[in-house]
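Participant: Provided below are the primary sequence and the corresponding predicted coordinates.
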Amino acid sequence: MSSFGDINRINTNIQALDSQLSLNRINKGLAENQMRLSTGLRINRAEDDAAGYSIATKLNARVAGLNQALANVGDAKSVLDIAEASFDVVMDQLIEMKALATQAANDTLGDTERRFIGKQIQELGNDINEIADQTVFQDFELLNGNATAATRVGGLTLTFQVGERAEDIIETTLNAVNVSMLFSDGTTVADFGVGAGSGGAGATSIRATAATANGGGELTFATGANAPKSADFRNFLKSIDTAIERMADRVNDIGVTQSSLTLREVTLSQAISANSSAASRIMDTDFAKEQSESIRLQILQQTATSALAQANNGPQSVLGFLG
């Protein structure tokens, strides 16, 4: 800053240097102001606000993770919707089975009619296995149990990443849906006849075979001497009720998981909004404030330019001493 008497020296124009320094500072501030207005960001480089830049970067990373987690929740719900749709069809097959078995349990039918009903029930069982085979999402067979098991038993456990932290997961198990798993334990043969046929006590008239690596078991109805009678179908009705209860448990499990995913969807949406707002307060430009600052700096730029021009003309006054 110039001091008393500096104007009387011409080799070094202190006033001009001071004015130039002031103008450079104003130009730098104006350039930064224009950068903030053009990018919409208050912090464009780490040097603008090192702490704020670091905090905002972490917040933006979290928001990115939350956004992907929200997409994961949508994909998870799609998987469960596919499984649920198949469950509904399987339940319809079981209900039809029950109606047919109830009809066959009535003594108003003869052996021929019961044989027809048995074939129809057997085909319904095959349809259940086919539904399980066709319930696929991204190459995952959802309803055929553990993909690494030797037989189509057990359940397929799915782990959904529903948050941006490693521990933010939801697990669900889709138990296998096939004849063997619904009417038995999946690994053993189940007999449902009561030996009422002419084959004698203990004769097998209705059977559910075990699941294998290539199939989910099958319902079989004996012919000839062991052909099922009304009492056999009445006993078989109990197993159908058990199969319906097992399917109801599967539907309930999916419903509970879907409810958890819906709740997580709401939570993630709120977290994304909150974290985005926090990052915005740190990083984004306040346009009203910056526009006011721009006008102030432009005025100062004009006055500093005028002051520099006057400072450059100042040494000419020394010529008066030489007159």
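Facilitator: Here it is on my side, so go on.
Participant: Report the secondary structure state of the residue lying closest to V177 once chain neighbours are set aside.
Facilitator: Of all residues not flanking V177 in the chain, L143 sits nearest, at 4.3 Å (Cβ to Cβ, 6 or more residues apart in numbering). (Glycine included, C-beta is placed from N, CA and C.) Using DSSP: H, G, I helix; E, B strand; the rest coil, the structure places L143 in coil.
Participant: L143: neighbour count?
Facilitator: By the measure other Cβ atoms under 10 Å, the count of residues near L143 is 29.
Participant: Would you quantify the distance from it to V63?
Facilitator: With distances taken as Cβ to Cβ, to the nearest Å, L143 is found 36 Å from V63.
Participant: For A211, grab the count of nearby residues.
Facilitator: Neighbours of A211 (other Cβ under 10 Å): 29.
Participant: now it: how far from I14?
Facilitator: 97 Å.
Participant: contacting residues for the residue nearest to V177?
Facilitator: By Cβ atoms under 8 Å, 6 or more residues apart in numbering, the contact list for L143 reads 83, 86, 131-132, 135, 156, 174, 176-178.
Participant: Low-confidence stretches in the stretch 201-323 of the chain?
Facilitator: The stretch 201-323 of the chain contains residues with pLDDT under 70 at 201-203, 314-323.
Participant: for the chain, what spans make up the strands?
Facilitator: All strands of the chain, identified by DSSP state E, fall at 136-137, 140-141, 155-161, 169-175, 190-191, 206-208, 219-221.
Participant: name the helices or strands packed onto the first one?
Facilitator: The contact analysis (3 or more Cβ pairs under 8 Å, 6 or more residues apart in numbering; DSSP states H and E) places strand 136-137 against helix 50-104.
Participant: The helix it packs on - what's its average pLDDT?
Facilitator: The pLDDT scores in helix 50-104 average 95.
Participant: Just want the angle from it to strand 169-175.
Facilitator: Taking axes from the mean of the first three to the mean of the last three Cα atoms, to 10 degrees, one finds that helix 50-104 is oriented at 20 degrees with respect to strand 169-175.
Participant: So which other helices or strands are in contact with helix 50-104?
Facilitator: Here helix 50-104 touches helix 111-134, strand 136-137, strand 155-161, strand 169-175, helix 230-283, going by 3+ Cβ pairs under 8 Å, 6+ apart.
Participant: Could you save these as TSV and add columns showing mean neighbour count and distance to R36?
Facilitator: Shown next, in TSV, are these (neighbours: other Cβ atoms under 10 Å; distance: least, Cβ to Cβ, whole Å):
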stretch	mean neighbour count	distance to R36
helix 111-134	18	58
strand 136-137	14	47
strand 155-161	16	37
strand 169-175	17	41
helix 230-283	17	11
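Participant: Save these as TSV, and put in distance to E293 too.
Facilitator: Formatted as TSV, the helices and strands packed on helix 50-104 follow (distance: least, Cβ to Cβ, whole Å):
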stretch	distance to E293
helix 111-134	65
strand 136-137	55
strand 155-161	44
strand 169-175	48
helix 230-283	17
